[in-house]
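Visitor: Dropping the sequence and predicted coords here.
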Amino acid sequence: MSECSPRYNVYSKIHRALRAHMAETLTALGRSDPADETQLRGTLAQLEGLLDLCASHLKHEDRFMHAAMEARRPGSSHKTASDHLHHVEGIAALRREIERVRAAEAGCRESRLEALYHQFSAFVAENFEHMLVEESYNNAVLWECYSDTEIHEIEQLLVASIPPDEHARILGLMVPAISAPEREALLGHIRAVAPREAFDGLLSMLLPRLADADRSRLRAAFA
Ligand SMILES: [Fe+2]
């Protein structure tokens, strides 16, 4: 493989979305005021939404990417598949910790919130390392066992299995987390296959999530 013509990285865009959202959510948790009920409720809901997404993401990877690896190299998915089992436990533990923050008396809420922050920071750290293994070791297996065309086909099956609401949510996180050319290519592909009204609705959901320069560029690209 030439460094100038890399193979297709099926994990690249979704993992950048997850890394960005994990970092944003950890930051939001760290700046939460335990006495501000409204802010805290919003941040805990954001964290729960992220955990839902993580739980769903690892199922998609198990069902499609790990299955593909096992089909042509038995045993090759064991490392990241066992990480996923550990992540399922981590997600359940974080959900319990969120409930402890919600149930805490005012005087105890600060310490419960700090415990949740620490637990989530460890979860984020583990996930960052795990995603790197997927993008190095798992990709090496996929690249040896499958052509890029086949990897695209597996990805299309994975994406087609995602319910519309979840897909829109993923796009809302992915589009701001990738580069402008990637954003334009992704949305160009969606525009080519989606009904006009659905695409316009998607674009109006995405534009406010972008920084000013990115928003102007995307508006110009799809004017
Ligand atoms: Fe994973």
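Guide: Looks like it came in fine.

Visitor: From now on I want contacts and neighbour counts done on CA atoms only, so please keep to that.
Guide: Noted.

Visitor: Just give me how far the helix ranked longest in the chain sits from the chain centre.
Guide: Criterion DSSP state H: the longest helix present in the chain is helix 106-133. Relative to the centre of its chain, helix 106-133 is centred 17 Å away, using Cα atoms, centre = their mean, to the nearest Å.

Visitor: Just name whatever secondary elements it is in contact with.
Guide: helix 12-30, helix 78-103 (3 or more Cα pairs under 8 Å, 6 or more residues apart in numbering; DSSP states H and E).

Visitor: Any stretches of this structure with poor pLDDT?
Guide: Low-confidence segments of the chain, defined by pLDDT under 70: 1-3.

Visitor: tell me the most buried of the helices and strands packed on helix 106-133?
Guide: Among the helices and strands packed on helix 106-133, helix 12-30 has the highest mean neighbour count (mean count of other Cα atoms under 10 Å), at a mean of 18.

Visitor: what packs against it?
Guide: Checking 3+ Cα pairs under 8 Å, 6+ apart, helix 12-30 ends up next to helix 37-60, helix 106-133, helix 164-177.

Visitor: Number of residues surrounding the residue nearest to Arg95 when sequence neighbours are not counted?
Guide: Ranked by Cα to Cα, 6 or more residues apart in numbering and with sequence neighbours excluded, the top spatial neighbour of Arg95 is Glu48, at 7.2 Å. The number of residues packed near Glu48 is 16, by other Cα atoms under 10 Å.

Visitor: Now do Glu48 against Val10, distance only.
Guide: Distance of Glu48 to Val10, given as Cα to Cα, to the nearest Å: 26 Å.

Visitor: circling back to that earlier point, next structured bit after the longest helix of the chain?
Guide: Counting by DSSP states H and E, the next helix or strand C-terminal to helix 106-133 is helix 139-145.

Visitor: Other residues contacting that following helix?
Guide: Helix 139-145 is contacted from outside by 7, 9, 68-69, 72-73, 76, 151, using Cα atoms under 8 Å, 6 or more residues apart in numbering.

Visitor: Tabulate those (TSV), appending distance to Glu197 and neighbour count.
Guide: Conversion of those to TSV gives the following (distance: Cα to Cα, whole Å; neighbours: other Cα atoms under 10 Å):
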residue	distance to Glu197	neighbour count
Arg7	34	16
Asn9	31	17
Ala68	35	21
Met69	38	21
Arg72	41	14
Arg73	43	15
Ser76	43	19
Ile151	30	20
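
Visitor: taking those residues one by one, which sit in helices?
Guide: Reading helices off the contacts of helix 139-145 with DSSP H, I get 68-69, 72, 151.

Visitor: State the pair within those that is farthest apart.
Guide: Farthest pair in those (Cα to Cα) is Arg72 and Ile151. Separation: 12.8 Å.
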